[in-house]
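In: build me a model:
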Amino acid sequence: MSSVDPLVPVHVLSRESGLQDNEDPAGQSAGDRGACVMAADVDRLIVRIYEAGVSGEGWDQVASAVCEAVQGEALWAQVRGGNGVPQAPFLLHGISQRAIDDYAAHYWRLNPVTGPMMTSPLDEIRNLDVIAGAGVLQRTELFHDWAVPNGLVRSLGWRGLAGDGDVLAVTVARASGVDWSPQELRLLRRLAPHFSHATRVGRGIRAARDEARALRSLLDSLRCAAFLLDGEGRITAANAPAIGLLRAGDLLRDDSRHLRAAHPSADARLRASVAAWSDGDVGRPVYLGPVGRSTPLAFVLPRVGADGGRDAGAVVLVPPVDAAVSALADWLVDTYDLTPAEADVALQVSSGADLRDIAGERATSIGTVRNQVKRAMDKLGVRRRQELVAMLAAAAGPVEVGLRPNSIGCVPPGT
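Out: Next up is the predicted model:
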């Protein structure tokens, strides 16, 4: 990364998976897993996705590993603006830029897939043949004049939030006409939200500057737990998901404003990793729990000054344990035009938090919090806290298949 980047990633600090080492990601035994990889391989692949997202490097290796796992020949990813127009792909694997440019020409003529894809639920794997309708895709110019000549007969795709109102679109394709197996689909469903979340985090990091206000704004915009630490390891800022982790206390805690891990051995490793920045060291991998258990994925990143030099302090990011990256706050922002801060405060209030506690945790005045709550309620069309609680409980509603509630929330239906 360049010296002007405000945050420079160094290590992914823990393994991530809800599966045991002897389990297959599709729920099959090792002997029945077919093309799927083992849980430990899934862990490593998820780690590499976050490394690539934060650093902007290594995406091709990630794509190669994904294609190998699901027997795909090509994978490409690009960000689309609010009008659906695709930007230049940031990831091309097994497909040339010429083919992508050629696709753009067909996209403007006739593409029965783009519209439904852009309105599909976030991070849901969609079979492009199914989206277009039985036999429809095979009768289009897009299929005959582009897909077949480029050896991309079967395609899957998904979309996710890329930040700033933009959408991430990812496509995996194969030359064979053989359909995707249930195991392959389940593995991609597990990986899809991590692609979206890693992309969003990385874009936010690279867009931010070192000023305290910009960093706090960055923390508030992230949908994962994020802490800003000074050179002594004291917490100087934390977003709502991070505050939720501190409240829960089973992973991280606030010890006189110092960030500490709840598990003793994890705490020693976390302290050493944060302290390593002061010595110019890169630190060592850290598990936020007993080694050998599935524990949350974590990053420790240095703060970098405007001149490109390293400042004292660090940023600690702790994405959710599983693939259920919460979209509830994003849904409030996108659907009701709430600011990220208003959405976070509304969610805290709906979970029973006291306004004074929220103000203290956010290092702001109770008047500011009260105004944020009022603006949020006005935009949501509710007048009383009970109505706010009922509305957000309904929005969180049934959890999407394969996902589970976490400390940040649930994925609302229809997003």
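
In: please tell me the pLDDT value assigned to the nearest residue to Ala314 once chain neighbours are set aside.
Out: Excluding its sequence neighbours, the residue lying closest to Ala314 (CB to CB, 6 or more residues apart in numbering) is Leu229, at 4.9 Å. Yep, even glycine has a C-beta here, placed from its N, CA and C like the rest. Turning to Leu229, the model gives it a pLDDT of 82.

In: where does Leu229 fall, phi/psi-wise?
Out: Per-residue torsions, Leu229: phi -110, psi 150 (degrees, to the nearest 10).

In: and it, how far is that from Gly204?
Out: 18 Å (CB to CB, to the nearest Å).

In: same check on Asp230?
Out: Relative to Gly204, and taking CB to CB, Asp230 is found at 21 Å.

In: among these two, which residue is more densely surrounded?
Out: Neighbour totals were compared for Asp230 and Gly204, and Gly204 leads with 21 against 16 (other CB atoms under 10 Å).

In: surely that one is in contact with Gly163?
Out: Yes - under the criterion of CB atoms under 8 Å, Gly204 makes contact with Gly163 at 5.9 Å.

In: now for the helix ranked longest in the chain, which elements pack on it?
Out: Longest helix in the chain, counting residues (DSSP state H): helix 182-207. Applying 3 or more CB pairs under 8 Å, 6 or more residues apart in numbering; DSSP states H and E, we find helix 182-207 packed against helix 39-55, helix 59-70, strand 74-80, strand 154-163, strand 166-174, helix 212-221.

In: now it: average pLDDT?
Out: Here the average pLDDT along helix 182-207 is 81.

In: give me the number of residues near Arg80?
Out: 18.

In: likewise for Gln183?
Out: Neighbours of Gln183 (other CB under 10 Å): 21.

In: do the same with the one 3 residues further on
Out: Applying other CB under 10 Å, we find 18 residues neighbouring Arg186.

In: could you do the one 5 residues further on as well?
Out: Using other CB under 10 Å as the criterion, Leu191 is surrounded by 24 other residues.

In: hang on, isn't it packed against Ile49?
Out: Yes - if you go by CB under 8 Å, Leu191 and Ile49 touch, sitting 7.0 Å apart.

In: want to throw the helices and strands packed on helix 182-207 into JSON lines with mean pLDDT and distance to Arg257?
Out: Compiled in JSON lines, the helices and strands packed on helix 182-207 are given as follows (pLDDT from 0 to 100; distance: least, CB to CB, whole Å):
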{"stretch": "helix 39-55", "mean pLDDT": "78", "distance to Arg257": "26"}
{"stretch": "helix 59-70", "mean pLDDT": "90", "distance to Arg257": "37"}
{"stretch": "strand 74-80", "mean pLDDT": "83", "distance to Arg257": "37"}
{"stretch": "strand 154-163", "mean pLDDT": "78", "distance to Arg257": "29"}
{"stretch": "strand 166-174", "mean pLDDT": "85", "distance to Arg257": "35"}
{"stretch": "helix 212-221", "mean pLDDT": "64", "distance to Arg257": "16"}
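
In: need those in JSON lines with distance to Ser265, can you?
Out: Output for those, formatted as JSON lines (distance: least, CB to CB, whole Å):
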{"stretch": "helix 39-55", "distance to Ser265": "20"}
{"stretch": "helix 59-70", "distance to Ser265": "30"}
{"stretch": "strand 74-80", "distance to Ser265": "37"}
{"stretch": "strand 154-163", "distance to Ser265": "35"}
{"stretch": "strand 166-174", "distance to Ser265": "36"}
{"stretch": "helix 212-221", "distance to Ser265": "27"}
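
In: out of the ones you listed, which comes closest to Arg370?
Out: helix 212-221 (17.6 Å; CB to CB).

In: okay, strands next: where are they in the protein?
Out: Taking DSSP state E, the strands of the chain run over residues 11-12, 74-80, 91-93, 126-127, 154-163, 166-174, 225-229, 235-238, 252-255, 258-261, 299-304, 310-318.

In: deepest of the ones you listed, which one?
Out: The highest mean neighbour count among the strands of the chain, using mean count of other CB atoms under 10 Å, belongs to strand 225-229: a mean of 24.

In: counting by contacts, list what that strand packs against.
Out: Applying 3+ CB pairs under 8 Å, 6+ apart, one finds that strand 225-229 contacts helix 212-221, strand 235-238, helix 240-248, strand 310-318.

In: what pairs with it, parallel or antiparallel?
Out: Strand 225-229 pairs in its sheet with strand 235-238 (antiparallel), strand 310-318 (antiparallel), by DSSP bridges.

In: averaged pLDDT, the shortest one. What do you get?
Out: Averaged across strand 235-238, the pLDDT comes to 85.

In: also stretch 275-289?
Out: Average pLDDT, stretch 275-289: 56.

In: please renumber so the chain begins at 834
Out: Fine by me, first position is 834 from now on; the one you just mentioned is stretch 1108-1122.

In: what about Gln904, distance to Ser1014?
Out: Distance of Gln904 to Ser1014, given as CB to CB: 9 Å.

In: distance check, Leu1180 against Ala1186.
Out: 9 Å.

In: so for these two, which residue has more residues nearby?
Out: Shown here are Leu1180 and Ala1186; by other CB under 10 Å, Leu1180 has more neighbours (23 against 18).

In: skip the chain neighbours and tell me the closest residue to Ala1071.
Out: Phe1060 (5.0 Å).

In: wait, the residue nearest to Ala1147 sits on Val1149?
Out: Yes - Leu1062 lies in contact with Val1149 (CB under 8 Å); the separation is 6.5 Å.

In: find residues that contact each of those two.
Out: Here Leu1062 and Val1149 share the contacting residues 1092, 1107, scored by CB atoms under 8 Å, 6 or more residues apart in numbering.

In: domain-wise, how is this structure divided?
Out: Here the domain parsing of the chain from automatic domain parsing is 847-1038, 1043-1151, 1161-1229.

In: ok, back up a step: okay, the angle between the longest helix of the chain and strand 987-996?
Out: 30 degrees (axes from the mean of the first three to the mean of the last three CA atoms, to 10 degrees).

In: what residues sit buried inside helix 1015-1040?
Out: Buried residues in helix 1015-1040, defined by neighbour count with 16 or more other CB atoms under 10 Å: 1016-1039.

In: which one, of the helices and strands packed on helix 1015-1040, ends up nearest to Leu1092?
Out: Distance to Leu1092, taken as CB to CB, is lowest for helix 1045-1054 among the helices and strands packed on helix 1015-1040, at 13.4 Å.

In: who's in contact with the closest residue in space to Asp1087 that isn't next to it in sequence?
Out: Nearest residue to Asp1087, sequence neighbours excluded (CB to CB, 6+ apart): Leu1079, at 5.1 Å. Going by CB under 8 Å, 6+ apart, Leu1079 touches 1071, 1085-1087.
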